[in-house]
Each structure stands twice: as C-alpha cells, then as structure tokens.
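Visitor: Can you look at this prediction? I've put the sequence above it.
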Amino acid sequence: MQIGCHVALTSAVTDALAVGAEVAQVTLGDPQSWKKPTAPTGLADAARDAGIGLYVHSAYVINVASTNNRIRVPSRRLLQQTIDAAADLGARGVIVHGGHVTKDDAPEAGYENWRKCVDGLEIKVPLLIENTAGGNNAMMRYLEAIRATWSALAGSDNLEHVGFCLDTCHAHAAGLDLATAVDDIRSTTGRIDLVHCNDSADSPGSGRDRHANWGQGIIDKRVLLDLLRAADADVILETPSAAHGDEIAWLRNELSS
C-alpha cells in the first residue's frame with residue numbers, strides 16, 4: 001500500500017514530494033473537455049527518478065455506458081486516448097467513472113455498452129472503473145449495478161486488464177455499508193486496485209459527491225482505516241489539498257501501527 005494524493009499536472013512531482021506522497025494522481029488537461037490528452041514531456045522520467053507512482057484520472061465527460069451515439073462514441077475514443085497517454089507516462093492505471101443511462105433506457109443497454117467498450121479497447125495500463133455517488137441509473141452506484149456491470153464484462157478477453165477503484169465518499173453517498181464494502185465489492189470484481197480515500201460532507205445515501213478532509217466530514221475515521229486495511233491497495237486522497245501533508249503523515253502512521 002502506497003499513499004498519495006491528486007496533484008496539479010504542471011507540478012505533479014514537486015507537489016507530491018512536498019506532502020510526502022508515494023503515489024500521485026493527475027488529469028491530463030481539463031477534465032470537462034473532450035480534447036485529446038497528451039503526456040507532458042519529462043513527467044515520466046521525473047516521476048520515476050523521484051520514486052513517485054502515477055495514476056491518471058480520465059475526463060469526467062466520459063460516459064461509455066450512454067445509449068446516445070454522440071456521447072458514447074467520443075467517450076470510447078477519449079478513453080483510448082487517455083490510456084495511450086497514461087502508458088506513455090508509465091502510469092499504474094487509468095481511472096474512469098462508471099457512467100449512466102437515462103431514465104428512459106434499459107439498464108442492460110448500459111452494461112452491454114460497457115462490455116463493447118472493454119472488448120474494443122487496447123488496454124495498455126490497467127483500466128480502473130470507479131464507483132459513483134449518485135444517479136438511479138448509474139452503472140456503478142449500487143452493489144446490484146456493480147455486479148451487473150461485472151457480469152456483463154465476464155468472458156471479455158480484456159477482463160484481466162480491468163480493475164476497480166473504490167471511492168469512499170462515493171460509496172458513503174451511494175448508501176453502501178463501508179464496514180463491508182471491500183468484501184462486498186471484491187466478491188464481485190475479485191479485486192480492488194486503488195482507493196480514493198475521502199471523507200464526506202453529506203449523510204449516507206444522500207447521492208451527493210462532496211469530499212471533506214479527514215475528520216471534518218461524516219464518516220468515522222475508524223471505519224475508513226479499517227476499509228483501507230481490508231482493501232490493501234494504493235491510496236489517493238482527493239480531499240481539499242491544503243491538508244494533504246498532514247493527512248498522508250497521519251494515515252501512514254495509523255496504518256503502520
């Protein structure tokens with residue numbers, strides 16, 4: 001288990017070292033943009049020399065589950081471009097949100113679109129699908145939806161390259177039981193590759209994705225620590241950045257004791 005945080009792309013290694021991070025997450029450009037991402041020159045070498053493992057979070061606009069061709073097709077293209085750029089960086093994985101269908105769509109269409117997407121990708125670095133906080137028609141909010149997504153992916157030649165990113169704030173907001181979330185998810189996916197470790201500003205099941213710094217939100221610290229121990233995966237903080245140094249030091253101390 002290595003611990004780090006989300007950092008700015010332009011100062012990724014400097015920012016990571018400043019807070020004692022062992023891993024760092026970046027987005028390759030504006031996360032709300034459809035623009036083709038590229039790997040910054042020199043970042044791969046700088047991260048390797050500093051001993052910082054990199055993760056890439058894909059653009060938030062990506063929704064490969066959509067039944068709308070004008071969304072689904074460019075989503076697949078942008079996801080492949082992101083994987084390609086992440087491979088150039090030597091990244092440990094690409095994180096992508098699970099996406100959703102509309103209330104007028106059959107959920108099965110979204111699960112099938114995920115299967116078609118995974119089948120068609122050249123997955124050069126692990127693709128980590130992240131659970132989401134809200135939306136009744138989301139592919140990765142409820143445990144039933146996560147199971148249906150993985151069921152749809154079963155048998156894909158690319159399945160071994162597909163992993164799971166567990167976001168604690170999202171799980172809390174979705175109404176999942178954090179005390180059993182690791183076992184519940186791993187029993188379906190067989191793996192948890194990364195944890196986005198975030199406290200939440202809102203009540204369980206609210207569907208609201210508002211991250212809070214550790215101890216300033218609703219989630220019990222002991223529950224989060226137990227979850228991290230059970231997951232035994234790399235940890236990325238996506239909490240407000242001013243506290244990252246203190247949070248990483250505290251986590252490292254608690255988890256090593």
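Guide: All right, it came through fine. Because the structure is a prediction, the values reported are computed rather than measured.

Visitor: what's the helix or strand for residue 236?
Guide: Per DSSP states H and E: residue 236 is located in strand 234-237.

Visitor: Equivalent analysis for residue 183, please.
Guide: Counting by DSSP H and E, residue 183 is part of helix 181-189.

Visitor: Which strands and helices lie in contact with the strand holding residue 236?
Guide: On a contact count with 3 or more CB pairs under 8 Å, 6 or more residues apart in numbering; DSSP states H and E, strand 234-237 meets strand 3-6, strand 23-26, strand 53-57, strand 194-196, helix 244-256. No exception for glycine: its C-beta is placed from N, CA and C like everyone else's.

Visitor: Mind listing residues that contact the longest one?
Guide: When contacts are defined by CB atoms under 8 Å, 6 or more residues apart in numbering, helix 244-256 is touched by residues 1, 3-5, 18-21, 197, 213-214, 225, 228-229, 235, 237, 239.

Visitor: ok, 7 Å please
Guide: Contact with helix 244-256 is made by 1, 3, 5, 19-21, 213-214, 225, 228-229, 235, 237, 239, as judged by CB atoms under 7 Å, 6 or more residues apart in numbering.

Visitor: and it, how far out from the chain's middle?
Guide: 20 Å (CA atoms, centre = their mean, to the nearest Å).

Visitor: and if you look at the second one?
Guide: Relative to its chain's centre, strand 23-26 lies at 11 Å (CA atoms, centre = their mean).

Visitor: Tell me which strands that strand pairs with, and in which orientation.
Guide: Its sheet considered, strand 23-26 pairs with strand 3-6 (parallel), strand 53-57 (parallel) by DSSP bridges.

Visitor: could those be laid out in a markdown table, adding distance to residue 89, mean neighbour count and mean pLDDT?
Guide: As requested, the strands paired with strand 23-26 are exported to a markdown table (distance: least, CB to CB, whole Å; neighbours: other CB atoms under 10 Å; pLDDT from 0 to 100):
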| stretch | distance to residue 89 | mean neighbour count | mean pLDDT |
| --- | --- | --- | --- |
| strand 3-6 | 15 | 23 | 97 |
| strand 53-57 | 6 | 24 | 98 |
